[in-house]
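Participant: I'll drop the sequence and a predicted model, then ask my questions.
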Amino acid sequence: MIADRHAAPEVEFDNRIAMSRAERTLRTRGGQLRRALPSLALGIVTIFVSAPALVHAVNVWSTTEEFSFGFLVVPVAAVLAWSRRRAFLDGPAPGSALGLGVVVVALGTYVLAERVGINAVAGLAIPPMLWGMVLYVRGWTAAKALALPIGYLAFGLALYRGLLDSVGFALQGVTASAAALGAGALHLGVWQDGLVLHGSGFAFVVSQPCSGMSSLVSLLALSTLWVSLASGALVARTIIVAAVLPVVIVANGARVTLVLAVASAFGQDAALGFFHGASSFVLFGLAIVGLLGVGWLVGCKAPTFGR
């Protein structure tokens, strides 16, 4: 009986401790849930509002061959964000009210662009909207860490077919002139008439797919990713990105010149067959080598992943 009298208070005391722990756990979880509700609501609203721009972007990627690389942009951004998740999860939780202001401005821009039908501007408004959410919810440490993954989305969301009508058309003329110069240097007997390159027994039109527009935009995205992860001075990184356009022009001119050389030697059918399709890989390879050469000249070291 004596043992029973001592055991009862101990059991009662243990029960009170367990209940106290359970209450503290519930209060902690409840507090976390209350703090997460505004962020969750903001995320749902953002997804709902930005859905039309996302649908339009997917439509552009799937129907415009030059922009099909857009399907890779979101996975690349997701991998970058995952590699920097610790800065988001472990960084200071208190957010900044400035982030809410960024969200409001970006959201207003997005709604206005949707109203007037400027899809590229609507797509460009989504990254700052997402970045503002991160800043508002998790603060500056997380916002800095996720600035690159979020900003990288612009390469996929801001694409629009009008780029092919403006920049793409200009590149067609530049490519035709560059190829004519290359053919002249090789004494191929080619003369230029606008976008048409004439030779002995053949004539080629530098059409939109031959403009190099696809390589230009995809290499801009690739070089931006590269210099963001590489080690080097800001000036060196800027030079690499700025070099994309001239490198693509030179590489594409060399590609079309090679097609003209094959046509001069083996006929138009040979040039328009397997070699014409394979020359796209030649273009991309030449451009990559050119950018690596520029990076070596300016002293930009190889990317360091997981930084």
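Facilitator: Right, received. Where do you want to start?
Participant: what ranges do the strands span in the protein?
Facilitator: Remark: strands assigned in the chain by DSSP state E are 191-193, 196-199, 202-205.
Participant: other SSEs contacting the shortest one?
Facilitator: If contacts are counted by 3 or more Cβ pairs under 8 Å, 6 or more residues apart in numbering; DSSP states H and E, strand 191-193 sits against helix 162-185, strand 196-199. (Each C-beta comes from the backbone N, C-alpha and C, glycine too.)
Participant: Where among these is average confidence lowest?
Facilitator: When these are ranked by mean pLDDT, helix 162-185 comes last with a mean of 84.
Participant: What residues sit buried inside that one?
Facilitator: Within helix 162-185, the residues that qualify as buried by neighbour count (16 or more other Cβ atoms under 10 Å) are 163-164, 168, 171-172, 174-180, 182-183.
Participant: Of the residues you listed, which is the nearest to Met133?
Facilitator: Closest to Met133 out of the buried residues of helix 162-185 is Leu163 (28.2 Å), distances taken as Cβ to Cβ.
Participant: Find the nearest non-adjacent residue to Ser264, please.
Facilitator: Once flanking residues are discounted, Ser264 sits nearest to Leu188: 4.8 Å by Cβ to Cβ, 6 or more residues apart in numbering.
Participant: distance of Ala261 from Ala183?
Facilitator: Ala261 is 8 Å from Ala183, where distance means Cβ to Cβ, to the nearest Å.
Participant: That should have said Ser83, apologies.
Facilitator: Summarising the geometry, the distance separating Ser83 from Ala183, computed by Cβ to Cβ, is 46 Å.
Participant: can you check Gly173 too?
Facilitator: From Gly173 across to Ala183, the span is 16 Å (Cβ to Cβ).
Participant: contacting residues for Gln192?
Facilitator: Listed by Cβ atoms under 8 Å, 6 or more residues apart in numbering, the contact partners of Gln192 are 176-177, 180, 198.
Participant: Reformat these as TSV; add distance to Glu65.
Facilitator: What follows is these, written out as TSV (distance: Cβ to Cβ, whole Å):
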residue	distance to Glu65
Ala176	20
Ser177	24
Ala180	26
His198	27
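Participant: Might one say that Leu146 is in contact with Arg86?
Facilitator: No: counting by Cβ atoms under 8 Å, Leu146 sits too far from Arg86 to count as a contact (11.4 Å).
Participant: the more surrounded of the two?
Facilitator: Set side by side, Leu146 and Arg86 show more neighbours around Leu146, with 23 against 10, by other Cβ atoms under 10 Å.
Participant: picking up where we left off before, if we only consider the buried residues of helix 162-185, which is nearest to Val294?
Facilitator: Of the buried residues of helix 162-185, the one sitting nearest to Val294 (Cβ to Cβ) turns out to be Ala178, at 18.3 Å.
Participant: now the helices for the protein?
Facilitator: 2-63, 70-83, 85-90, 97-116, 119-138, 140-145, 147-152, 154-157, 162-185, 213-229, 234-242, 244-266, 268-272, 274-298 (DSSP state H).
Participant: Please name whichever of the ones you listed is nearest to Val206.
Facilitator: Within the helices of the chain, the stretch nearest Val206 is helix 162-185; the backing value is 4.3 Å (Cβ to Cβ).
Participant: count of neighbours near Ala51?
Facilitator: For Ala51, which is what you asked about, the neighbour count (other Cβ under 10 Å) is 10.
Participant: And it, how far from Ala230?
Facilitator: As for Ala51, its distance to Ala230 is 35 Å (criterion: Cβ to Cβ).
Participant: before we move on, the earlier item: ok, which pair from the contacts of Gln192 is furthest apart?
Facilitator: By the measure Cβ to Cβ, Ser177 and His198 form the most distant pair in these, at 14.1 Å.
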